[in-house]
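**Student:** Make a model of this:
(chains A and B)
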Amino acid sequence: MTVSLFDQFESPLFLGIPLMAIALVLPWALLPKPCSRWISGRYLTLQNWFISRFTHQIFQPISHPGYKWALLFTSLMLFLITVNMLGLLPYTYTPTTQLSVNMGFAVPLWLATVIIGMRNQPSLSLAHLLPEGTPTPLIPVLIIIETISLFIRPLALGVRLTANLTAGHLLLQLISLAAFVLLPIMTATAFLTWSLLVLLTLLEIAVAMIQAYVFVLLLSLYLQENV
Amino acid sequence: MADRPVPVAEKRLMEVKLGELGTWLGGRDYSPNGIVSMFRRAHTRYYNKYIGVKKGGIGGIAMLLAGYVVISYVWSYDHLKHDRWRKHH
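**Tutor:** Numbers count the residues shown, from 1 in each chain, chains lettered A, B, ... in the order given. All right, here's what the predicted structure looks like:
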């Protein structure tokens, strides 16, 4: 019996449909649309509170032309946080462990911020390539370095989310396997491993939320520079 | 008061008699729009009954998530059956 820890990242097919399709559509069922009643139920009120707090937090430092992005960023945040948290349930599939999904989010949005900046205020956008107060001899090198860091941004965005979630899921599976196998052999060690698993699960819940927030926060920073 | 006769395919599922089940299934709208509207109607009914009430507890969401876990298990059963501790799979 070969132990393959990476099989959890394959999307299993059933009747020709991958589980990823259900995992991607499920946030639609969990995030209701605002209703036309004056006072809505608890769940919808909580969701509305979260959306307004989040939008206020993210868009405070951005100037007015950037407010068009509010719908996009907030829905992206809701989607990412829902999908990440759902992946912590047993037997479920997390689409954001796939690099393809995360690059599909990161590259178009980053490229949009760059193109908007270059189109509306080209000199200001290019000026971002040179930090203030650099000594004159360093200018050419620094321009090259800043250009490279500009182009690495989408890669970093995508890979950060992928790596964090994949590593977390792998660790969870590895440590739970260790705890399970050690249980008949060395019970005390198994208990220690189990307590480590509990702490790791709490960490994974936090990481799921934090990584979604960081993704959207960085995109809002890139927008702030360019809008 | 006599009810007006309704075509079988348009009745609600709970009002379809057992013998009419085949006709009912055959007459439903299986186009992509139809299937999407099937899910949307089911979700609206579920939401209005369990989640969108004034003092909704955790039960509404918990049932949905439990169903999702069960569906995921069924989806990955073919892969999971190799994890059993047996000599012959």
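
**Student:** Secondary structure class of residue 88, three-state.
**Tutor:** Went with chain A since none was named. coil (DSSP: H, G, I helix; E, B strand; the rest coil).

**Student:** hm, I was asking about chain B
**Tutor:** coil.

**Student:** For chain B, which segments are assigned as helices?
**Tutor:** B:21-27, B:32-46, B:59-75, B:77-80 (DSSP state H).

**Student:** can you put those helices in a markdown table and add distance to chain A and mean pLDDT?
**Tutor:** Where C-beta positions appear, they are placed from N, C-alpha and C, glycine not excepted. Converted to a markdown table, the helices of chain B look like this (distance: least, Cβ to the nearest Cβ, whole Å; pLDDT from 0 to 100):
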| stretch | distance to chain A | mean pLDDT |
| --- | --- | --- |
| helix B:21-27 | 18 | 79 |
| helix B:32-46 | 6 | 88 |
| helix B:59-75 | 4 | 93 |
| helix B:77-80 | 5 | 83 |
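
**Student:** Check which residues of the host helix or strand of A:Leu26 are buried.
**Tutor:** Using DSSP states H and E, A:Leu26 sits in helix A:19-30. Of all the residues in helix A:19-30, those buried under the rule 16 or more other Cβ atoms under 10 Å in any protein chain shown are A:19-20, A:22-23, A:26-27, A:29-30.

**Student:** Could you list the alpha-carbon positions for it in PDB?
**Tutor:** Output of helix A:19-30 as PDB, limited to C-alpha atoms (Å, rounded to 0.1, in the frame of the first residue of the first chain):
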ATOM      1  CA  LEU A  19     -16.100  17.400  -7.800                       C
ATOM      2  CA  MET A  20     -14.500  20.800  -8.500                       C
ATOM      3  CA  ALA A  21     -17.700  21.800 -10.400                       C
ATOM      4  CA  ILE A  22     -19.800  21.300  -7.200                       C
ATOM      5  CA  ALA A  23     -17.100  22.900  -5.000                       C
ATOM      6  CA  LEU A  24     -17.100  26.000  -7.300                       C
ATOM      7  CA  VAL A  25     -20.800  26.400  -7.400                       C
ATOM      8  CA  LEU A  26     -21.600  25.800  -3.700                       C
ATOM      9  CA  PRO A  27     -20.800  29.400  -2.500                       C
ATOM     10  CA  TRP A  28     -23.800  30.400  -4.600                       C
ATOM     11  CA  ALA A  29     -26.000  28.300  -2.300                       C
ATOM     12  CA  LEU A  30     -24.400  29.700   0.900                       C
END
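
**Student:** Please identify the buried residues of the helix or strand that comes right after it?
**Tutor:** Counting by DSSP H and E, the next helix or strand C-terminal to helix A:19-30 is helix A:42-59. Neighbour-count burial for helix A:42-59, counted by 16+ other Cβ under 10 Å, picks out A:42-44, A:47, A:51, A:54-55, A:58-59.

**Student:** which two in those residues are spaced the farthest apart?
**Tutor:** Within those, A:Arg42 and A:Phe59 form the most distant pair, 26.2 Å apart (Cβ to Cβ).
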